[in-house]
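Peer 1: sequence and predicted structure, then a few things I'm wondering about:
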Amino acid sequence: MMKKWFFRTLVTLCLIIGLGILFMFGAAFYLESDHARHLIRNQLNKSISGQITWSKVRISLIRGCIEVDRILIQSPSREPMIALDRIFAQVSWRALLSGTILVEKAEVTRPVVHVRIGEDGTLDISNAFKSPRKKDPGLPEEENGVPFPFNVKIHQFQIADGSFHFSSVVQGETERAIFEKIHFSLNDVDLAQKSGNVKANLGECKIDMAGIRTGWEDFVIEARVEKGAITPVKAHVESNLLTLHLLGDGRELWEDPVIDMDLRIETALGDIRKTFHLRRGFSGPVKIMMQAKGKVSDPRVNMVLSFGGGRIYDVDTEAFTFEGILSDRVVTLTAKGVKATYGNAALSGTVDLKKAFPQGFLSANRNIDAAVYRVTAALDHVNLKGIPLGATLLDGDLQSEVRIEGSGITPANLDAKVKVSLSVTGKTRIAKKIPANFSLNAHAALSGKNAEVDHFELRMGETTLAGT
């Protein structure tokens, strides 16, 4: 009797397993058929405003593979939005039994994405996936689902030979950005461990937006993430506007990130002028070197801008450097030795951001109008005769200094004091070239949109004009 019960149970289990296997393989074969493709496509297209089509599906349950060819997603107006030649994915059944979705290999081949923003500001790709049916306002909101029970690992994922086309209509003009030869890869990714390798090559780019025409020939960025830390990240950009190199690492990315970055940028004022359609003459090489260390909420940043000499606003200018240091939320600015055809210039100052960002730069507790600044700008030995201003009536030497101390950035919260010192030694351009030696000293207070002169003194020879 016991043997007979055991035999019946075994036969029943074998039949259930056999039927399950037959059903799975039958379902796989059915999904590859034209009937299933039309049925699924029609159901999908009924639920969205756009349209989705594909040519063929291939499924291998034994290998854990699925492959879909020639997918096309169209907007409600039947304009192509996403098109790709092939999607392939292979998962491990063995890993799934241990609670891990392991993607052995996945690939998206030659995707082409079109994103358009109309003159009314609507995004066509979002409209395509809206349901054509209006939601009943009486239905309750969907609750958040349960936590995802599986870890996800990806051995190899790549997007090969992709392109991205963006267009926007602004005041009747079409602006465009085109990215070609896009390659993207993920390797050895473990979401639970927050680790993996990522590499992106954005290939060629052409941008024609807001009157700016630029782009690049090569843009590569790669990084290794290990337990939430980037060690290291590398980036390289080569374009007709600039060359950029970035090397560094970051830790605690999901809390208060800690960074150690080195950035180098090389460009030329002539290329900037062409890109932004500037009218006045600009030329000369520019190099920017920046180092950033510490927590992003309160980093230490050193920046040096070096101008190799050339022309700025059609004025011959010798080489100079501009330095900026951010430490303990205080910015220190220095520009010395700026020598041009018509004179020399200097700039120095500090901007204290401690009260503006009392809890660091990442905190929502911020008030930019609480910034406290002290800036001094000076001109020395400026040749008035050489300045290309047709209205000037003076030939001589100008020296001036302007000091600004206060707080507030927006006009409504401005609270600052201004000191101006100016002196001219020379002659007028009118008949007989009357001597014109004078000096000016003035103190003013700026509060909101109001300006009040506290002290005013003008001296011309033996004549003095003063007021408060």
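Peer 2: Great, that's in hand.
Peer 1: what's the distance between stretch 98-117 and the middle of its chain?
Peer 2: Averaged C-alpha coordinates place stretch 98-117 at 23 Å from its chain's average position (CA atoms, centre = their mean, to the nearest Å).
Peer 1: okay, domains of this structure per the record?
Peer 2: The chain breaks down by automatic domain parsing into domains covering 45-129+151-216, 344-468.
Peer 1: and of those, who's closest to T321?
Peer 2: Set against T321 and scored by CB to CB, the domains of the chain come closest in domain 344-468, at 11.6 Å. Using the backbone N, CA and C atoms, a C-beta is placed for each residue, glycine as well.
Peer 1: which element is D208 on?
Peer 2: strand 204-209 (DSSP states H and E).
Peer 1: before we move on, the earlier item: how about JSON lines for the domains of the chain, with distance to G281, mean neighbour count and mean pLDDT added?
Peer 2: Below are these laid out as JSON lines (distance: least, CB to CB, whole Å; neighbours: other CB atoms under 10 Å; pLDDT from 0 to 100):
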{"stretch": "domain 45-129+151-216", "distance to G281": "19", "mean neighbour count": "15", "mean pLDDT": "86"}
{"stretch": "domain 344-468", "distance to G281": "11", "mean neighbour count": "14", "mean pLDDT": "81"}
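Peer 1: where along the stretch 101-250 of the chain do the strands fall?
Peer 2: Under the criterion DSSP state E, counting those that start in this stretch, the stretch 101-250 of the chain contains strands at 112-117, 151-170, 173-190, 195-201, 204-209, 212-216, 218-226, 229-238, 242-251.
Peer 1: export the ones you listed to CSV and append columns for distance to W54.
Peer 2: Output for these, formatted as CSV (distance: least, CB to CB, whole Å):
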stretch, distance to W54
strand 112-117, 15
strand 151-170, 18
strand 173-190, 21
strand 195-201, 26
strand 204-209, 28
strand 212-216, 33
strand 218-226, 31
strand 229-238, 36
strand 242-251, 39
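Peer 1: show me what contacts the closest residue to P358 other than its chain neighbours?
Peer 2: Closest residue in space to P358, ignoring its immediate chain neighbours: N365 at 6.1 Å, by CB to CB, 6 or more residues apart in numbering. N365 makes contact with 357-359, according to CB atoms under 8 Å, 6 or more residues apart in numbering.
Peer 1: list the buried residues for stretch 302-313?
Peer 2: By neighbour count on 16 or more other CB atoms under 10 Å, the buried set for stretch 302-313 is 303, 305, 307, 310-312.
Peer 1: and which of the residues you listed is nearest G324?
Peer 2: Distance to G324, by CB to CB, is smallest for M303 among these, at 4.4 Å.
Peer 1: next helix or strand past the host helix or strand of that closest one?
Peer 2: Using DSSP H and E, the element containing M303 is strand 300-307. Sequence order places strand 310-312 as the next helix or strand after strand 300-307, per DSSP H and E.
Peer 1: pLDDT (mean, whole number) over that following strand?
Peer 2: The average pLDDT within strand 310-312 is 89.
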